[in-house]
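> Show me how the following folds:
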Amino acid sequence: MVVGSAMYEHGRKCWFCGSYGLSRLSDKRIWCGKCRKKYSLKKLQTDLRVLYYFYLEVSARKCAKELNANYKTVSARYAAYRNAIVKYTEQEFKKLHGKVEADESYFGGKRKGNRGRGAFNKKAVFGILERNGKVYTAVVENVSAKTLFKHIKKKTRKGSVFYTDDFKSYKDLKQYGKNSRIKHSKAFGRGHNHINGIEGFWSYAEERFHKYHGIKKKNYLPYIKEMEFRFNHRNEQLYPLLVDIKRQFAPKST
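Below you'll find the model as predicted:
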């Protein structure tokens, strides 16, 4: 039994409304007198075990093997968890402000070659990080000034200090706040004039992406949002939070 889900797994607390005093039906399902929901406790227990493996960053294939479960079923649950995380990150988001770093990175693609701007068959991801705060990510179709500024305007407060490299798409950012632009040819770790924070996040995400043997481009959003979520909550007890997110955004699996 895992701390954070014990009351639900024991059938003492309603999975849907959180009420106590549940009843067990003759078919062994749970019935809540308050929200009048009926559900299978056994199915919930299995689902929460899968969620625990997801929390541990165990692959869906290995999780299915460990639990002697159907791989497609486990994979579908993992996808549901990621989609729930996408909704949660949208709900908890607050505009970034103060000293903010912005940068793009590229993920995916099997062909060897360039890894940066213009890399073949890779998906562009834009990231904004508030120093000593959280990161925001977005999968983007291109890295034009118009596209990047749309996210900057929507996700940051005007008047912040923006640290970027000298990519041309950032040249007009000074209209929205102070923009300190760093040339790649210069040391990035000098004083406050660096984007080490957002580059640290890219390394964090890339390290975890290595375990996946190819991600379809259309699925990159939930994967990168999972990385954003894990990074932003890396100093917290993550499993109880995942249980709450599943209850709020993905309850139908029970």
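> Contact partners for the most centrally placed residue in the chain?
In the chain, the residue lying closest to the centroid (C-alpha atoms, centre = their mean) is residue 226, at 2.1 Å. Applying C-beta atoms under 8 Å, 6 or more residues apart in numbering to residue 226 gives the contacts 82, 85. No exception for glycine: its C-beta is placed from N, CA and C like everyone else's.
> quick one: the helix or strand that contains it to chain centroid distance?
Assessed by DSSP states H and E, residue 226 sits inside helix 220-232. In terms of C-alpha atoms, centre = their mean, to the nearest Å, the centre of helix 220-232 is found 2 Å from the chain centre.
> ok, then the element right after that helix?
helix 238-249.
> Tell me which other helices or strands that next one touches.
Applying 3 or more C-beta pairs under 8 Å, 6 or more residues apart in numbering; DSSP states H and E, we find helix 238-249 packed against helix 41-55, helix 71-92.
> could you give me the average pLDDT of it?
The pLDDT scores in helix 238-249 average 96.
> So, low pLDDT: which residues of this structure?
Counting by pLDDT under 70, the ranges of the chain that qualify are 1-3, 109-121, 184-191, 213, 252-254.
> which stretches of it form helices?
For the chain, the helices defined by DSSP state H occupy 6-9, 41-55, 60-67, 71-92, 145-155, 196-209, 220-232, 238-249.
> Of those, which is nearest residue 167?
helix 145-155 (8.9 Å; C-beta to C-beta).
> Is the closest residue to residue 163 other than its chain neighbours bridged to anything, and to what?
Spatially, and ignoring its direct neighbours in sequence, residue 163 is nearest to residue 101 (4.6 Å; C-beta to C-beta, 6 or more residues apart in numbering). When bridges are called by DSSP bridges, residue 101 pairs up with residue 129, residue 163.
> Which residues are in contact with residue 101?
128, 129, 131, 162, 163, 164, 194, 195, 196, 197, 198.
> repeat for residue 127
Per C-beta under 8 Å, 6+ apart, neighbours of residue 127: 102, 103, 104, 105, 135, 136, 137, 138, 198, 201, 202.
> Check residue 13 too.
The contact partners of residue 13, by C-beta under 8 Å, 6+ apart, come to 7, 19, 20, 22.
> and those residues, which are buried?
residue 22 (16 or more other C-beta atoms under 10 Å).
> Please render the contacts of residue 13 as JSON lines that adds distance to residue 174 to the earlier fields.
Formatted as JSON lines, the contacts of residue 13 follow (distance: C-beta to C-beta, whole Å):
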{"residue": "7", "distance to residue 174": "53"}
{"residue": "19", "distance to residue 174": "54"}
{"residue": "20", "distance to residue 174": "57"}
{"residue": "22", "distance to residue 174": "59"}
